[in-house]
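Colleague: how would this look folded up:
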Amino acid sequence: MISQPAVLYVEDDANSRDVMRMILKMSMRLPTVTFFDNSQDFLNRLLAITPRPDIIFLDIHVKPITGFEMLTIIREQALFADVPVVALTASVMNEEIHKLRSAGFDGCISKPIDMEQFPEQMQRILNGEMIWRIV
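Modeller: Alright, predicted model coming up:
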């Protein structure tokens with residue numbers, strides 16, 4: 001169990017970043033949280049993060065590199081082989097869930113984020129469980 005996980009969240013929507021900042025920094029009091037507001041130069045920025053993230057949350061509809069493309073980049077890096085990658089998206093339909101699973105995501109949490117349930121969901125993912133929380 002990781003008590004103070006390092007988190008990376010890639011999200012281009014400022015409101016979604018603010019909500020996640022409240023949850024991770026204020027409510028959960030995590031000391032190491034990194035936010036990318038776009039996916040520009042993703043690989044170099046990912047490799048520069050210290051310490052390495054213990055969990056990565058990706059918005060699917062980010063530009064210029066989509067969440068699916070970022071997942072491929074992450075999975076190609078041996079350093080991140082064991083890091084859970086979770087999709088956060090507002091547009092969740094059954095066909096997209098299938099695409100997310102097939103692509104290799106470790107879970108999906110729909111937006112808006114449930115502030116009460118999120119800490120437990122994140123811990124379950126860190127413990128190796130796949131969470132597919134669709135509202």
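Colleague: name the SS class of the residue positioned nearest the centre of the chain, please.
Modeller: By Cα atoms, centre = their mean, the chain has its centre lying nearest to F57, at 0.5 Å. At F57, secondary structure determined by DSSP: H, G, I helix; E, B strand; the rest coil is strand.
Colleague: need the residues that contact stretch 17-26.
Modeller: Contacting residues not belonging to stretch 17-26 are listed as 7, 9, 11, 30, 33, 35, 37, 57, 112-113, 115, 118-119 [Cβ atoms under 8 Å, 6 or more residues apart in numbering]. Backbone N, C-alpha and C define where each C-beta goes, glycine included.
Colleague: quick one: end-to-end distance for it.
Modeller: One end of stretch 17-26 sits 13 Å from the other (Cα to Cα, to the nearest Å).
Colleague: go through it and flag the buried ones.
Modeller: R17, V19, M20, I23, L24 (16 or more other Cβ atoms under 10 Å).
Colleague: you'd agree the third one is in a helix?
Modeller: Yes: assessed with three-state DSSP, M20 lies in a helix.
Colleague: so how far is T72 from it?
Modeller: 23 Å (Cβ to Cβ, to the nearest Å).
Colleague: ok, now the second one?
Modeller: For V19, the distance to T72 (Cβ to Cβ) stands at 27 Å.
Colleague: still on that earlier bit, residues touching the residue nearest to the centre of the chain, list them.
Modeller: V7, L8, Y9, V10, E11, M20, V85, V86, A87, L88, I109.
Colleague: swap in 10 Å and give it another go.
Modeller: 7-11, 16, 20, 24, 35, 67, 84-88, 107, 109, 113, 122, 125 (Cβ atoms under 10 Å, 6 or more residues apart in numbering).
Colleague: got the end-to-end distance for stretch 84-102?
Modeller: First-to-last distance for stretch 84-102 - Cα to Cα - comes to 15 Å.
Colleague: oh, that last question was meant for stretch 19-38, not what I typed.
Modeller: Note: stretch 19-38 ends 17 Å apart using Cα to Cα.
Colleague: what about that stretch, average pLDDT?
Modeller: Mean per-residue pLDDT for stretch 19-38: 95.
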